[in-house]
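**Student:** mind looking at a prediction? Sequence and model below.
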Amino acid sequence: MKKIVATLFASLFATVAMAQTPAPAAPEAAKPEAHKEMKKEHHKVEHKKAEHHKKAEHKEMKKEEKKAQ
């Protein structure tokens with residue numbers, strides 16, 4: 001009986017001690033400037049893709065015009 005009470009008391013003490021310790025720190029949130037930079041880079045890439053797509057369409061139209069002549 002004494003062993004059971006001692007075990008229960010020790011486990012209660014360990015639980016309380018663990019509850020008192022601080023949780024691991026969460027990683028810092030991304031800085032707003034970094035987010036803006038990423039957005040700018042994404043916009044540049046998308047703009048380049050759009051320009052490339054327009055050029056490809058223009059070339060295709062020219063080829064079709066030459067075939068039609």
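**Tutor:** Received it, and whenever you're ready, just let me know what you need.
**Student:** quick one: low-confidence parts of this protein?
**Tutor:** 26-35, 43, 47-54, 69 (pLDDT under 70).
**Student:** same thing but 50
**Tutor:** By pLDDT under 50, the chain has no low-scoring segment.
**Student:** show me the helices in it, by range?
**Tutor:** Using DSSP state H, the helices of the chain run over 2-20, 32-68.
**Student:** need the ones you listed in a markdown table (columns: mean neighbour count).
**Tutor:** C-betas here are computed from N, CA, C, even on glycine. Putting the helices of the chain into a markdown table (neighbours: other CB atoms under 10 Å) gives the following:
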| stretch | mean neighbour count |
| --- | --- |
| helix 2-20 | 9 |
| helix 32-68 | 10 |
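**Student:** distance between stretch 8-23 and the chain's centre?
**Tutor:** 35 Å (CA atoms, centre = their mean, to the nearest Å).
**Student:** oh, that last question was meant for stretch 5-17, not what I typed.
**Tutor:** Per CA atoms, centre = their mean, the displacement of stretch 5-17 from the mean C-alpha position of its chain is 41 Å.
**Student:** list the contacts of that stretch.
**Tutor:** Stretch 5-17 is contacted by no other residue when judged by CB atoms under 8 Å, 6 or more residues apart in numbering.
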